[in-house]
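Undergrad: Predicted model and sequence follow; I will ask about them next.
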Amino acid sequence: MPVKPFKLRCRFCNQPVDWPPQQPRCPRPVCRGPLQPKRNIVFDATLIEPALTGMWRYRHLLPPVPDTPISLGEGGTPLLPLHPRDNCLIYVKDETLNPTGSFKDRGAAFLINTIQGDDKIVIDDSSGNAGAALAAYAARCGRAARIFIPAEAPEGKKRQIRRFGAELMLVTGGRDAVARAADAFSRQPNVFYASHVWHPGYALAMQTIAWEMWEQLGRRVPEWVVLPVGNGSLLRGLRWGFRSLQKARHIQQLPRLVAVQAAACAPLLARSQNDYHAGSFTGAPTIADGVAISNPPLIDAMWAAVRKTNGLVVTVSEQEIERAQTELTRSGFWVEPTAALPYAALPYIQPHLSPNDAIVLIFTGHGLKAA
Ligand SMILES: [Zn+2]
């Protein structure tokens, strides 16, 4: 298979950047904006490799990686019916069944395959799941990893990162302080900053969730996709993935993306109401630790993903999250509190539904992580 050159550009200043970028942001020091594909990706179903398992069946639809990618078997997660309700079909895309128990494995697996230089240490800042994923893939290929994590992150997540042999850097002062610590360290030589927030490869890997959904539903997409949103890599990746199907005329209409946040910390809701000022939003603590992000750096791109899919921003209370988590266990799904957000949001989506609308809830992280 010939390797097609894949180009990126800065969202802010249009600076062209070759694939694979060795730093996650625009290389111009005065800019440091987010990178994105230079052109819209057009899905080509003839490039699917049916012999490969998981997300690598789409490897020729993604930017180039080595012929034998480092893998732990990520992707290829089941799409299961939750239960029929009010004429609507509700499905679960169960990303908890990835190797380290969260959707972040797709992004970490993809990034680990783009690093140039065997001696590079990999780092990320994370509320837990992205750190665990990167630690696992670093272990898989014998790289050192250093993960910056909020001091108050759940013990289960810290334990998981340590288990994979990564160095854990506990940072106080909230999620924004954790990101600043990682960013400062990333300027040292021989560091690959595998930022799940900034590196475009992370969100590009999330397209595979959209493509799997399309295949699993018999080459169609649901009317709605509901997901927890913190820093927005899943949200942006889903939009790119569905749009690539639309560009190829495989689908007429994009699914409406519903971004769910904890009411205690909902900067995207504020942004949607033109009531958000970058850097100064203060969220309260929430049990949904995976989305406890007060100032997501890519909030404008996140809001664009919701707006351009005619989607919704929904917030749910702590009580609603706890109740959703408990109710899901009665259907056999044990998810962490963050991953219960889509189910908790269902009553708020109900008034917007048309008869026979199909809904996919993305379960992002396993309940064992928060145990
Ligand atoms: Zn730039």
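TA: Received it, and whenever you're ready, just let me know what you need.

Undergrad: Do a quick rundown of the helices in the stretch 151-300 of the chain.
TA: 155-163, 175-185, 200-216, 233-247, 267-272, 299-307 (DSSP state H, counting those that start in this stretch).

Undergrad: quick one, which of those helices is nearest to the ion?
TA: Ranking these by distance to the ion, with C-beta to the ion as the measure, places helix 200-216 first at 12.5 Å. In this view, the C-beta of every residue, glycine as well, is placed from N, C-alpha and C.

Undergrad: count of residues packed around residue 117?
TA: 8 (other C-beta atoms under 10 Å).

Undergrad: who's in contact with it?
TA: Counting by C-beta atoms under 8 Å, 6 or more residues apart in numbering, residue 117 touches 190, 192.

Undergrad: how about JSON lines for the helices of the stretch 151-300 of the chain, with mean neighbour count and mean pLDDT added?
TA: Shown next, in JSON lines, are these (neighbours: other C-beta atoms under 10 Å; pLDDT from 0 to 100):
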{"stretch": "helix 155-163", "mean neighbour count": "18", "mean pLDDT": "93"}
{"stretch": "helix 175-185", "mean neighbour count": "19", "mean pLDDT": "92"}
{"stretch": "helix 200-216", "mean neighbour count": "25", "mean pLDDT": "97"}
{"stretch": "helix 233-247", "mean neighbour count": "24", "mean pLDDT": "97"}
{"stretch": "helix 267-272", "mean neighbour count": "21", "mean pLDDT": "97"}
{"stretch": "helix 299-307", "mean neighbour count": "20", "mean pLDDT": "97"}
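
Undergrad: now those in CSV, with distance to the ion?
TA: Shown next, in CSV, are the helices of the stretch 151-300 of the chain (distance: least, C-beta to the ion, whole Å):
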stretch, distance to the ion
helix 155-163, 32
helix 175-185, 16
helix 200-216, 13
helix 233-247, 17
helix 267-272, 21
helix 299-307, 14
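
Undergrad: Output those helices in a markdown table, with distance to residue 354 appended to each entry.
TA: What follows is those, written out as a markdown table (distance: least, C-beta to C-beta, whole Å):
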| stretch | distance to residue 354 |
| --- | --- |
| helix 155-163 | 39 |
| helix 175-185 | 37 |
| helix 200-216 | 19 |
| helix 233-247 | 18 |
| helix 267-272 | 22 |
| helix 299-307 | 19 |
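
Undergrad: Which one of those helices lies nearest to residue 113?
TA: helix 200-216 (8.8 Å; C-beta to C-beta).

Undergrad: who does that closest one touch, helix- and strand-wise?
TA: In terms of contacts (3 or more C-beta pairs under 8 Å, 6 or more residues apart in numbering; DSSP states H and E), helix 200-216 is packed against strand 35-37, strand 79-81, strand 89-94, helix 104-112, helix 233-247.

Undergrad: quick one on the thing from earlier: quick one, which of the helices of the stretch 151-300 of the chain gets closest to residue 36.
TA: Ranking those by distance to residue 36, with C-beta to C-beta as the measure, places helix 200-216 first at 5.7 Å.

Undergrad: next one: the closest one to chain centre, how far?
TA: Chain-centre distance of helix 200-216: 10 Å, with C-alpha atoms, centre = their mean, to the nearest Å.
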